[in-house]
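Visitor: Build me a structure from this.
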Amino acid sequence: MGLALLSCTIWGACRSSSRSGDSFEILGPSDETTDAGKVVQEANAELQKIKVLYKQNENKREEIKKALESNDAAEVKRITDDVVQIFNEGFDSGRIAVDKIAQAEDMNVNDDYKEYLRLKEEALRKQMEAFEEYRQAARTLRDNYDPKNVANREKVKADFTARSENYRKLMEKARDLSKQANEIAKDALRKQAEQQ
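Guide: Residues are numbered from 1 along each chain as shown. Model (predicted):
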């Protein structure tokens, strides 16, 4: 379940505790869950941009592998330059999304939603850390790969392999965090259904 759908389903119906037109206001902070849901929808728009970039370029890892196997320096440079550009574009959207989710977390929202947001933010930060690992791996290949220099070639390939493995592990952690967040959402939906 995505952030936007979850926000609208579970937390979108919340109201502020102050009422306009009345001469009184309930003491204590007003619930900002609805507003937080709107901020999360803005984060989702940025995340959608990243998904589009990812889908358009998901074959790059395999292309790099093939270029390395054939020791084609020009092809390695071309592909890795594309990868670096893709990650540069996606990083801006990722930072905006993280900031939006953090902004929503800082609002006065119910505890379930706050925990959901915390886990989603942590998952997104792990994904960005993973992307940075892969971007650095691509930069190293782009800037240093030389099939004629055997020692350097093996060193660069080893760095690429290690960073790619770090990328995989970080993405796995990000998926686990996102899964935990989604479990909180499912529990909240179940509780809501039981109360009706």
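Visitor: tell me the mean pLDDT for stretch 162-175?
Guide: Mean pLDDT, stretch 162-175: 92.
Visitor: C-alpha coordinates for it, PDB please?
Guide: Extracted as PDB, the C-alpha positions of stretch 162-175 are listed here (Å, rounded to 0.1, in the frame of the first residue of the first chain):
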ATOM      1  CA  ALA A 162      31.900  -4.500  -3.200                       C
ATOM      2  CA  ARG A 163      29.800  -1.300  -3.700                       C
ATOM      3  CA  SER A 164      27.200  -3.300  -5.700                       C
ATOM      4  CA  GLU A 165      27.000  -5.800  -2.800                       C
ATOM      5  CA  ASN A 166      26.600  -2.900  -0.400                       C
ATOM      6  CA  TYR A 167      23.800  -1.500  -2.600                       C
ATOM      7  CA  ARG A 168      22.000  -4.800  -2.500                       C
ATOM      8  CA  LYS A 169      22.200  -5.100   1.300                       C
ATOM      9  CA  LEU A 170      21.100  -1.500   1.800                       C
ATOM     10  CA  MET A 171      18.100  -2.000  -0.500                       C
ATOM     11  CA  GLU A 172      17.200  -5.200   1.400                       C
ATOM     12  CA  LYS A 173      17.200  -3.200   4.700                       C
ATOM     13  CA  ALA A 174      15.100  -0.500   3.000                       C
ATOM     14  CA  ARG A 175      12.600  -3.100   1.900                       C
END
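Visitor: Show me which positions of it end up buried.
Guide: Arg163, Ser164, Asn166, Tyr167, Leu170, Met171, Ala174 (16 or more other C-beta atoms under 10 Å). Bear in mind the C-beta positions are built from the backbone N, C-alpha and C, glycine included.
Visitor: Out of those, which is nearest to Tyr54?
Guide: Met171 (11.2 Å; C-beta to C-beta).
Visitor: Which residues outside stretch 71-91 are in contact with it?
Guide: Taking contacts as C-beta atoms under 8 Å, 6 or more residues apart in numbering, the residues outside stretch 71-91 that touch it are 49-50, 53-54, 57, 60, 63-64, 67-68, 128, 131-132, 134-135, 138-139, 141-142, 145-147, 153.
Visitor: in this structure, which spans are helices?
Guide: Ranges of helices within the chain are 3-6, 33-56, 60-69, 73-105, 111-144, 150-195, based on DSSP state H.
Visitor: How far off centre is the longest one?
Guide: Just to be clear, that refers to helix 150-195. Centroid displacement of helix 150-195 relative to its chain, using C-alpha atoms, centre = their mean, to the nearest Å, is 10 Å.
Visitor: What residues does the most centrally placed residue in the chain make contact with?
Guide: By C-alpha atoms, centre = their mean, the chain has its centre lying nearest to Leu124, at 3.2 Å. By C-beta under 8 Å, 6+ apart, the contact list for Leu124 reads Leu47, Gly94, Ala97, Val98, Ile101, Ala174.
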